[in-house]
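Undergrad: Test case, fold it:
(one chain, ligands or ions: 1)
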Amino acid sequence: MGTPATIAVIGTGYVGLTTGACLAHLGHRVVCADVDTRKIERLGRGEIPIVEEGLAEIVADAVAAGRLEFVVGSVNASERADVVFLCVPTPQGDDGSADLSYIQAAAAEIGPTLRPDAIVVNKSTVPVGSTRVVERVVQRDDVAVVSNPEFLREGTAVHDFLHPDRVVIGANDRSAAERVAELYASLDTEVILTDPASAETIKYAANGFLAMKISFVNAIAAMCEAVGADVADVVHGIGTDSRIGPAFLRPGPGWGGSCFPKDSRALVKIAQEHGYNFTMMRGVIDVNDEQRSRMVHKVVHALGGPDRHALHGATIGALGLTFKAGTDDLRDSPALAVIAELRRSGARIRAYDPTTVPPLEPHRDAMLDGIELCGSAIEAVTEADVTIVLTEWPEFTELDLAKTAEVMAGRTVVDTRNLLDPGRVAEAGLAYDGVGRR
Ligand code: UDX
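TA: Okay, the predicted model is just below:
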């Protein structure tokens with residue numbers, strides 16, 4: 001590896017915690033800071049507040065090796081650091097604009113205490129031009145501000161950090177960019193050095209493109225249903241074209257999570273502010289909204305209703321609540337969006353998700369308000385008029401279908417993730433409705 005550096009990471013959310021732990025794993029000395037005293041206490045005891053494969057192990061190893069510690073308050077971490085990573089949230093308003101107040105507050109706080117020639121690295125996803133904003137707030141001629149967007153997927157964040165397709169560094173100061181690149185020297189990957197605006201745009205463009213791929217395949221799935229084609233074969237047929245590639249072509253209930261919805265809206269907003277009407281991205285978002293409604297319509301159809309009145313008083317067994325499998329994150333979950341539409345029309349929801357078995361932390365409990373949480377999949381589908389699979393948890397492929405048929409009141413399974421084997425569902429005496437499947 002390159003020379004070990006002393007690093008501060010401000011913010012211990014999933015980006016900050018993964019970044020801090022992985023940089024320590026690479027041999028650097030890392031201090032992670034957060035304003036949340038309880039969180040820091042928990043981390044100090046080795047408790048990891050999020051579901052993230054492999055994270056607990058590398059945190060424990062790095063702490064034991066004396067390379068990782070957790071402190072309350074950013075200055076306690078930043079005043080000793082050669083490089084400070086800002087990993088604080090950038091919440092989004094309804095109009096798509098990002099709230100930079102956390103970043104600005106953190107930058108203002110650490111600015112005066114930074115070591116001479118320290119580097120501030122922005123990892124949070126921020127509107128194009130934010131590196132300059134941070135520079136102005138830090139107010140130090142000797143401190144460079146660098147953009148280094150993350151491309152981590154929740155659930156595989158540690159793997160993604162340690163095996164990246166590329167590392168992107170945007171800086172006006174070449175030597176600062178090279179010092180940040182040096183932190184990643186032991187990773188076998190391409191490092192792309194560019195200016196801050198390009199680095200910030202790369203992040204939005206990557207997420208926008210991936211969201212577009214999924215919206216495209218969801219639209220193709222709708223086409224498949226209309227013309228009697230099978231989406232799995234169509235995806236195989238197009239994904240083998242090396243210009244298209246097979247990744248991110250899984251049809252589903254629409255994309256969600258903490259990045260795609262936020263970043264696609266931001267892309268439209270930023271373009272608009274700079275005088276460009278990003279029609280294509282608007283369409284990508286519209287298709288995603290439609291997709292959720294299409295899933296609701298499948299339930300309506302299963303209930304025999306011509307319209308949503310059929311949902312009134314119906315019991316729906318929902319399997320999965322998180323925005324995808326492998327995470328406990330409920331933010332902007334398509335599963336919750338579909339459930340909200342079902343509830344609005346008067347349906348009763350009984351749901352099971354492996355990560356939401358009560359008792360839950362109050363903020364997570366609040367996100368599930370009005371949903372009857374069950375302790376198992378079979379419990380959730382008991383007495384259901386329709387069962388709907390909303391998250392692709394592998395354990396649902398093992399669902400006891402004979403038992404499901406026995407305990408359900410109705411006869412249809414709507415599979416928004418194309419997770420189940422339609423033949424096996426039919427053998428159990430149930431009707432199957434997937435997404436774009438013949
Ligand atoms: C994403 C990006 O992948 C990552 O690079 C970025 O840093 C943060 O945003 P994440 O939000 O963790 O990561 O989830 P991801 O695995 O990309 O899935 C996003 C959404 O798209 C989920 O709701 C998922 O279910 C959906 N999806 C993904 C599909 O519907 N079909 C697919 O083929 C892939």
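
Undergrad: Help me confirm that Tyr102 comes into contact with Ala108.
TA: No - here Tyr102 does not reach Ala108: they are 10.9 Å apart, not a contact under Cβ atoms under 8 Å. C-beta here means a position set from N, CA and C on the backbone, and glycine is covered the same way.

Undergrad: Between those two, which has more neighbouring residues?
TA: Tyr102 (17 against 13; other Cβ atoms under 10 Å).

Undergrad: any idea how far that one is from Asp195?
TA: Separation of Tyr102 from Asp195 (Cβ to Cβ, to the nearest Å): 24 Å.

Undergrad: Please apply the same query to Ala431.
TA: Distance from Ala431 to Asp195, by Cβ to Cβ: 56 Å.

Undergrad: try Ile339
TA: For Ile339 relative to Asp195 (Cβ to Cβ), the value is 43 Å.

Undergrad: Who has more neighbours out of these two?
TA: Comparing Ile339 with Asp195 by other Cβ under 10 Å, the one with more neighbours is Ile339, at 23 against 14.

Undergrad: For Glu52, the count of nearby residues, please.
TA: 23.

Undergrad: now Ala185
TA: Neighbours around Ala185, by other Cβ under 10 Å: 12.

Undergrad: Give the full set of residues in contact with the residue of the stretch 1-150 of the chain found nearest the ligand.
TA: As assessed by Cβ to the nearest ligand atom, the ligand sits closest to Glu150 within the stretch 1-150 of the chain, at 5.5 Å. Neighbour list for Glu150: Val15, Thr19, Lys123, Thr125, Phe161, Lys203 [criterion: Cβ atoms under 8 Å, 6 or more residues apart in numbering].

Undergrad: and with 6 Å instead?
TA: Residues in contact with Glu150 (Cβ atoms under 6 Å, 6 or more residues apart in numbering) are Val15, Lys123.

Undergrad: For this protein, what lies in contact range of the ligand?
TA: 150-154, 207, 210, 214, 248-250, 252, 255-260, 323-324, 334 (Cβ under 6 Å from any ligand atom).

Undergrad: Which entries within the residues you listed meet the buried criterion?
TA: 150-152, 154, 207, 210, 214, 249-250, 252, 255-260, 323-324, 334 (16 or more other Cβ atoms under 10 Å).

Undergrad: Val231 contacts Cys224, doesn't it?
TA: Yes - between Val231 and Cys224 a contact is recorded at 4.5 Å, counting by Cβ atoms under 6 Å.

Undergrad: Need the overlap of contacts for those two.
TA: What both Val231 and Cys224 touch, as defined by Cβ under 6 Å, 6+ apart, is the set Gly436.

Undergrad: In the stretch 251-400 of the chain, what residue spans correspond to helices?
TA: Using DSSP state H, counting those that start in this stretch, the helices of the stretch 251-400 of the chain run over 260-273, 279-302, 334-344, 362-367, 377-381.

Undergrad: Return the most buried member of those.
TA: helix 377-381 (a mean of 23; mean count of other Cβ atoms under 10 Å).

Undergrad: tell me what that helix is packed against?
TA: Judged by 3 or more Cβ pairs under 6 Å, 6 or more residues apart in numbering; DSSP states H and E, helix 377-381 is in contact with strand 315-319, strand 348-352.

Undergrad: That's all I had, so thanks and see you.
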